[in-house]
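*Asks:* Everything below, folded, please.
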Amino acid sequence: ITRPPLTYAQKTQGLLVSVCGMDISTSLEMLTMMTVELLEMLTMMTVELLEMLTMMTVDLLEMLTMMTGLIGDANNDMELQKKKSDPDWKEHPDEENLESDLGKDRVRDLKDKKKLCPLSGCGCRVNKLKKHYRQKHKMSAEEANNVYQELKTGDKL
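*Replies:* Next up, the predicted model:
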């Protein structure tokens, strides 16, 4: 009695059984498990690499920020040294310089026709003082007019 020739699947299964000691279903199970384990390992390695890259990027940004700050400080120091080497430069301007600065403000006031509000603590530049007194300083029309007349005649508030 002769047997029919073996099919390809039967030959493969026979080969697996003879080499590995298992049949096809067992070997497929094993391959699936190995694939899952490999994917898990790759995922974990990818996550670890991303964490490392993130930490390295943060460290680099911190270093760059610190270096930029140091460079900025050095530039400020260099500018200060340049100013100090100038014979006309003074760290604390004297009163004469302050008066000349005030003169510049007055010239600017004349050019743009705006007046500096003389009431203490205000410092607004306005075209119409009476209107400014009523709106900003909440004065009545009569009070605003009185203050304006006092200033015009030169009386102190």
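*Asks:* least trustworthy helix or strand in this protein by mean pLDDT?
*Replies:* helix 95-112 (a mean of 52; mean pLDDT, DSSP states H and E).
*Asks:* Against which helices or strands is the lengthiest helix in the chain packed?
*Replies:* In the chain, assigned by DSSP state H, the helix with the most residues is helix 24-85. Using 3 or more C-beta pairs under 8 Å, 6 or more residues apart in numbering; DSSP states H and E as the contact test, the elements touching helix 24-85 are helix 8-20. Placement of C-beta: from N, CA and C, glycine included.
*Asks:* 6 Å - rerun?
*Replies:* In terms of contacts (3 or more C-beta pairs under 6 Å, 6 or more residues apart in numbering; DSSP states H and E), helix 24-85 is not packed against any helix or strand.
*Asks:* what mean pLDDT would you report for that helix?
*Replies:* This predicted structure assigns helix 24-85 an average pLDDT of 87.
*Asks:* Could you break this protein into its assigned domains?
*Replies:* Listed domain ranges for the chain are 8-44, 106-153 (source: automatic domain parsing).
*Asks:* Number of residues surrounding Y133?
*Replies:* Y133: 23 surrounding residues under other C-beta atoms under 10 Å.
*Asks:* nearest residue to it other than its sequence neighbours?
*Replies:* The spatially closest residue to Y133, leaving aside those adjacent along the chain, is A144, at 3.8 Å (C-beta to C-beta, 6 or more residues apart in numbering).
*Asks:* close enough to count as contact, the one you found and R134?
*Replies:* Yes - between A144 and R134 there is a contact at 5.0 Å, judged by C-beta atoms under 6 Å.
*Asks:* okay, those two: which has more neighbours?
*Replies:* A144 (19 against 16).
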